[in-house]
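Novice: Below are the sequence and a predicted model for it; my questions follow.
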Amino acid sequence: MTALNNQDILSRVAETIESRKEASPDSSYVAKLFSKGPDAVLKKIGEEATEVVLAAKDQDKAHIVYEVADLWFHTMVLLAQHNLSPEDITKELARREGLSGLVEKAARKE
Ligand SMILES: N=c1c2ncn([C@@H]3O[C@H](COP(=O)(O)OP(=O)(O)OP(=O)(O)O)[C@@H](O)[C@H]3O)c2ncn1[C@@H]1O[C@H](COP(=O)(O)O)[C@@H](O)[C@H]1O
């Protein structure tokens, strides 16, 4: 297996997104998004989240997968804007693993 295959897709896409910080907006969708400023990606995330909701309401599995991929991708661009990586999110999920949301919420109320 090549080194490329050993890396997971989230890491590979995150690396590509990072590299687009230096790329020309004419040659790259991500570079174009970065060049528009921070609000552009926030707008895309809002749009893509709405599209996920609509796909789910339609109970269309293929459409849900497509729209969630768009949403994940745009949240990865947001993470890159803040110099964060998918690993920061997986670490947070790992930290929460096994802790019931109900238990965590009850602890917050104390
Ligand atoms: N995973 C993605 C990805 N998912 C979705 N998109 C783009 O995100 C946009 C989604 O927006 P919409 O569905 O609203 O379509 P649109 O109307 O064309 O969008 P807007 O012009 O309104 O923003 C489309 O242009 C998609 O092509 C992506 N663009 C890039 N990537 C990854 O990012 C890498 C770098 O891309 P470039 O920066 O373009 O080279 C690629 O190799 C991929 O791995």
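Specialist: Noted; the coordinates are in hand.
Novice: Within range of the ligand, give me the residues from the chain.
Specialist: V13, T16, R20, S28, Y29, V30, A31, K44, E47, D70, F73 (CB under 6 Å from any ligand atom). C-beta coordinates here come from the backbone N, C-alpha and C atoms, glycine included.
Novice: ranges for the helices of the chain?
Specialist: Remark: helices assigned in the chain by DSSP state H are 3-6, 9-19, 29-35, 38-57, 61-81, 86-96, 101-109.
Novice: Mean neighbour count and mean pLDDT added to these, as TSV?
Specialist: Rendered in TSV, the data for those read as follows (neighbours: other CB atoms under 10 Å; pLDDT from 0 to 100):
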stretch	mean neighbour count	mean pLDDT
helix 3-6	7	59
helix 9-19	15	96
helix 29-35	18	98
helix 38-57	14	98
helix 61-81	17	98
helix 86-96	12	94
helix 101-109	8	87
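Novice: Run through who's touching stretch 77-87.
Specialist: Contacts with stretch 77-87, where a contact means CB atoms under 8 Å, 6 or more residues apart in numbering, come from 10-11, 14, 17-18, 21, 30, 33-34, 38, 41-42, 44-45, 76, 88-89.
Novice: That one: how far from the chain's middle?
Specialist: Distance, stretch centre to chain centre, for stretch 77-87: 8 Å (CA atoms, centre = their mean, to the nearest Å).
Novice: What of stretch 26-45?
Specialist: Between the centre of stretch 26-45 and the centre of its host chain there is 14 Å, according to CA atoms, centre = their mean.
Novice: got it, and stretch 101-110?
Specialist: Relative to the centre of its chain, stretch 101-110 is centred 27 Å away, using CA atoms, centre = their mean.
Novice: Equivalent analysis for stretch 50-70, please.
Specialist: Relative to the centre of its chain, stretch 50-70 is centred 15 Å away, using CA atoms, centre = their mean.
Novice: same deal with stretch 21-41?
Specialist: With CA atoms, centre = their mean as the basis, the distance from the averaged C-alpha position of stretch 21-41 to the chain average is 16 Å.
Novice: State the distance from A62 to V52.
Specialist: 13 Å (CB to CB, to the nearest Å).
Novice: typo on my end, S27
Specialist: Distance, S27 to V52, using CB to CB: 29 Å.
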